[in-house]
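*Asks:* Provided below are the primary sequence and the corresponding predicted coordinates.
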Number of protein chains: 2
Amino acid sequence: MNIGVDAMGGDFAPQAIVEGAVLAANELPEGVTIVLIGQTEAIQTVLDKQNYTGSNIKIVEANETIEMGEHPVKALQAKPNSSIGVGFKLLKTGEIDSFGSAGNTGAMMVGSLFSIKAIEGVQRPAIAGFAPQTNGKMAVMVDIGANADVKPEMLEQFGLLGSIYYQATTGEENPKVGLMNIGEEAEKGSLIAQQAHKLMKENAKMNFIGNIEGKDFFKGKADVIVTDGFTGNILLKMGESLYGIMKDQGVETSFLDKTNYEAVGGSPIVGVNGNVIIAHGASSAKAIKNMIHLSTKIVESKVTEKIKEALSA
Amino acid sequence: MNIGVDAMGGDFAPQAIVEGAVLAANELPEGVTIVLIGQTEAIQTVLDKQNYTGSNIKIVEANETIEMGEHPVKALQAKPNSSIGVGFKLLKTGEIDSFGSAGNTGAMMVGSLFSIKAIEGVQRPAIAGFAPQTNGKMAVMVDIGANADVKPEMLEQFGLLGSIYYQATTGEENPKVGLMNIGEEAEKGSLIAQQAHKLMKENAKMNFIGNIEGKDFFKGKADVIVTDGFTGNILLKMGESLYGIMKDQGVETSFLDKTNYEAVGGSPIVGVNGNVIIAHGASSAKAIKNMIHLSTKIVESKVTEKIKEALSA
């Protein structure tokens, strides 16, 4: 298994990325190779400093970098040899089994749509985030930012994509799918949420448990939380902020530890023909290490294949 | 000053409401009377049990009650002598200066719109919620649930209403108004948020600081948080859930204490011709006590008059 990682993406690249790769390399089983994509010299310098002598980190040269503020479409066209551009080429040809980056999220989305493309039948790929639950589980929230504006049918499909993702990665059958809304009753909420509720209720392919509210977000009511990318992004970022806030106040609990973005390290794009993982822009070495572990889990779970099957059935 | 309170509204009415009124009565200055609206006998029974012998609680009979699940418009028409129906009559005639209820929120909104009505120039009244900040302040969030679907112009006006509310109740001039969004840049977010950003930036009547993100929600970046009633409601309820979650884990901090809904006790409707306060359905006596204190502050602040002035200018 080859886990591709953009060595140049993120606020602390390449330092934190390469360090994270070394941390992961020391923990990964045989047969897993980390493919660092970026400027060979810069990567090698960090590897040398880390005294890395193992054989499960490989470097693939990419001499350009897409910066955080760049326009995704323009940047990808102008910089085919950027680490993100090269990453998608390798993903498309199968030279890597997954591609993760802490760089420009927009470029990762656009790269996915233009190179490996959306799975047939997927209306709009989405980003899946993780929401720690007080029952110890980790719920999957779809979407957390790819689609700020949605249609009811998209929300319905997010439920299906999230369901398959949750099932494939946890092994738990029949995950509970909840629609984020502002009341329990079917007729509550925005017009889009009301219509989505109806569609999801009628959809036999998922275990729809109805609306869930903000107060249920952390409470284990749903395994899959369905929402638009606007609400989902705001909720996720607010949730992530708790870790720092409470730590500043001297509070530490196992639940809070899980709200730390480093604990998971990345958010997969669901609904595209390949395994793409987006990491936090401010990713530390620890976050990158966990993103690499997450990537191996995603590859093993064959979730992309399972989504394809479900949509062609 | 006469503070009207629906004695029959809420999960623990009339017990918790009347108890809360007694707690408040013992703390309020002279000249403030609490007007409990509901079934006299039921109210008197609780007052007797509390050994209340003061003179600043008054009872106004209302022999019907609108239940939580009832359709707001139908219920108000069918039950003119309900505690909510009578409350709005008293508010309209000026016999009470504010009206608060932990009962049917929809009926409180509809009652406001049909009896005291929206202030001229207000597109849609909204509900203002309170979001505790790590800098010790309490930000005002508009809207937290009255308008699940909004137009950009409505968001712009929520900024103005929230601004006036914040200024009137805290005395702080020129509050910072932030638009809840999924990125800092003007072109980020939903189509509605993008357009609202533009309108707010051009509006000289408020101190617009730009977009704020989920991670900024608790961080004191904005004094006034503008969002649609869908996002706002979900954020508020998620925020409120933290108190219980952390308490279950044995954590207590001054910041967390403020996330407890009881600390404020109610959410004012802004943009109507009168002071209307909505309390949590599960309000305890302590929550009701604080809602009454909040009501006196709102009446004193003359915020409703100030909104009228601002919109007629």
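*Replies:* Received it, and whenever you're ready, just let me know what you need.
*Asks:* which SS class is the closest residue to residue A:26 other than its chain neighbours?
*Replies:* Distance criterion Cβ to Cβ, 6 or more residues apart in numbering or on different chains; nearest residue to residue A:26, sequence neighbours excluded, is residue A:54 at 7.4 Å. C-beta here means a position set from N, CA and C on the backbone, and glycine is covered the same way. Here residue A:54 is recorded as coil under DSSP: H, G, I helix; E, B strand; the rest coil.
*Asks:* Would you confirm that residue A:54 contacts residue A:23?
*Replies:* No: Residue A:54 lies out of contact with residue A:23 (Cβ atoms under 8 Å); the separation is 11.6 Å.
*Asks:* More neighbours: these two, which one.
*Replies:* residue A:23 (18 against 11; other Cβ atoms under 10 Å in any protein chain shown).
*Asks:* Next, work out how far apart that one and residue A:52 are.
*Replies:* For residue A:23, the distance to residue A:52 equals 10 Å [Cβ to Cβ, to the nearest Å].
*Asks:* same question, residue A:139
*Replies:* Residue A:139 is 36 Å from residue A:52, by Cβ to Cβ.
*Asks:* the more surrounded of those two?
*Replies:* Legend: neighbour count by other Cβ under 10 Å for residue A:139 and residue A:52, higher for residue A:139 (25 against 18).
*Asks:* Who's the closest spatial neighbour of that one, skipping the chain neighbours?
*Replies:* Distances taken as Cβ to Cβ, 6+ apart place residue A:131 nearest to residue A:139, at 4.5 Å, with adjacent residues excluded.
*Asks:* for the one you found, what are its contacts?
*Replies:* Contact analysis of residue A:131 by Cβ atoms under 8 Å, 6 or more residues apart in numbering or on different chains lists A:138, A:139, A:140, A:141, A:217, A:218, A:225, A:235, A:236, A:239.
*Asks:* Ok, residue A:76 next?
*Replies:* Counting by Cβ under 8 Å, 6+ apart, residue A:76 touches A:66, A:82, A:84, A:85, A:107, A:110, A:111, A:114.
*Asks:* and the third one, what element?
*Replies:* With secondary structure defined by DSSP states H and E, residue A:84 is part of helix A:83-93.
*Asks:* Tell me the pLDDT of residue A:18.
*Replies:* With respect to pLDDT, residue A:18 scores 98.
*Asks:* Verify the contact between it and residue A:6 for me.
*Replies:* No: judged on Cβ under 8 Å, residue A:18 makes no contact with residue A:6 at a distance of 11.2 Å.
*Asks:* Helix or strand next in line after the helix or strand bottoming out on mean pLDDT in chain A, which one?
*Replies:* Scoring the helices and strands of chain A by mean pLDDT, DSSP states H and E places helix A:254-259 at the bottom, with a mean of 87. Next helix or strand after helix A:254-259 toward the C-terminus (DSSP H and E): strand A:267-270.
*Asks:* CA atoms of the next helix or strand after that next one as CSV?
*Replies:* Next helix or strand after strand A:267-270 toward the C-terminus (DSSP H and E): strand A:275-278. Provided in CSV are the C-alpha atoms of strand A:275-278 (Å, rounded to 0.1, in the frame of the first residue of the first chain):
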residue,chain,number,x,y,z
ASN,A,275,-9.0,8.1,-1.6
VAL,A,276,-8.3,11.8,-0.9
ILE,A,277,-7.8,13.2,2.6
ILE,A,278,-7.7,16.8,3.5
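*Asks:* who's in contact with residue A:65?
*Replies:* Residue A:65 is in contact with A:8, A:9, A:38, A:39, A:79, A:82, A:83, A:103, counting by Cβ under 8 Å, 6+ apart.
*Asks:* hmm, I was thinking of residue A:165
*Replies:* Residue A:165 sits next to A:128, A:140, A:142, A:224, A:268, A:270, A:303, A:307 when contact means Cβ under 8 Å, 6+ apart.
*Asks:* so when I look at it, I'm seeing a helix, right?
*Replies:* Yes: applying three-state DSSP, one finds residue A:165 inside a helix.
*Asks:* Pull out the buried residues from stretch A:106-125.
*Replies:* Residues of stretch A:106-125 classed as buried: A:106-113, A:115-116, A:119, A:122-125 (neighbour count, 16 or more other Cβ atoms under 10 Å in any protein chain shown).
*Asks:* Return the distance of the most centrally placed residue in chain A relative to residue A:142.
*Replies:* Compute the mean C-alpha point of chain A, and by Cα atoms, centre = their mean the closest residue is residue A:267, 1.5 Å away. Residue A:267 sits at a distance of 10 Å from residue A:142 (criterion: Cβ to Cβ).
*Asks:* anything in contact with each of these two?
*Replies:* Common contact partners of residue A:267 and residue A:142 (Cβ under 8 Å, 6+ apart): A:127, A:128, A:129.
*Asks:* Check the residue nearest to residue A:190 when sequence neighbours are not counted and give its pLDDT.
*Replies:* Excluding the flanking residues, the one nearest residue A:190 by Cβ to Cβ, 6+ apart is residue B:148, at 4.2 Å. Here, the pLDDT recorded for residue B:148 equals 97.
*Asks:* beta partners of residue A:224?
*Replies:* Counting by DSSP bridges, residue A:224 forms beta bridges with residue A:140, residue A:177.
*Asks:* I'd assumed residue A:138 was in contact with it.
*Replies:* No: between residue A:224 and residue A:138 there is no contact under Cβ under 8 Å: 11.1 Å.
*Asks:* who has more neighbours, these two?
*Replies:* More neighbours surround residue A:224 than the other of residue A:224 and residue A:138, with 28 against 15 (other Cβ under 10 Å).
*Asks:* ok, now how distant is the more buried one from chain B?
*Replies:* Counting by Cβ to the nearest Cβ, to the nearest Å, the gap from residue A:224 to chain B is 16 Å.
*Asks:* now do residue A:118
*Replies:* Plainly put, residue A:118 is 21 Å away from chain B if you go by Cβ to the nearest Cβ.
*Asks:* Also residue A:144?
*Replies:* Separation of residue A:144 from chain B (Cβ to the nearest Cβ) stands at 9 Å.
*Asks:* pLDDT of stretch A:160-170, averaged?
*Replies:* Here the average pLDDT along stretch A:160-170 is 96.
*Asks:* where's it relative to the chain centroid, distance-wise?
*Replies:* Computed by Cα atoms, centre = their mean, to the nearest Å, the chain-centroid distance of stretch A:160-170 equals 13 Å.
*Asks:* Name the residues of it that are buried.
*Replies:* Quick answer for stretch A:160-170 (16+ other Cβ under 10 Å): A:160, A:161, A:162, A:163, A:164, A:165, A:166, A:167, A:168, A:169.
*Asks:* what do you get for stretch A:9-19?
*Replies:* Under the neighbour-count criterion of 16+ other Cβ under 10 Å, stretch A:9-19 has A:9, A:10, A:12, A:13, A:14, A:15, A:16, A:17, A:18, A:19 buried.
*Asks:* Any chance of CSV for the residues you listed, columns secondary structure and distance to chain B?
*Replies:* Output for the buried residues of stretch A:9-19, formatted as CSV (DSSP: H, G, I helix; E, B strand; the rest coil; distance: Cβ to the nearest Cβ, whole Å):
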residue, secondary structure, distance to chain B
A:9, coil, 17
A:10, coil, 17
A:12, coil, 18
A:13, coil, 20
A:14, coil, 25
A:15, helix, 23
A:16, helix, 19
A:17, helix, 22
A:18, helix, 26
A:19, helix, 24
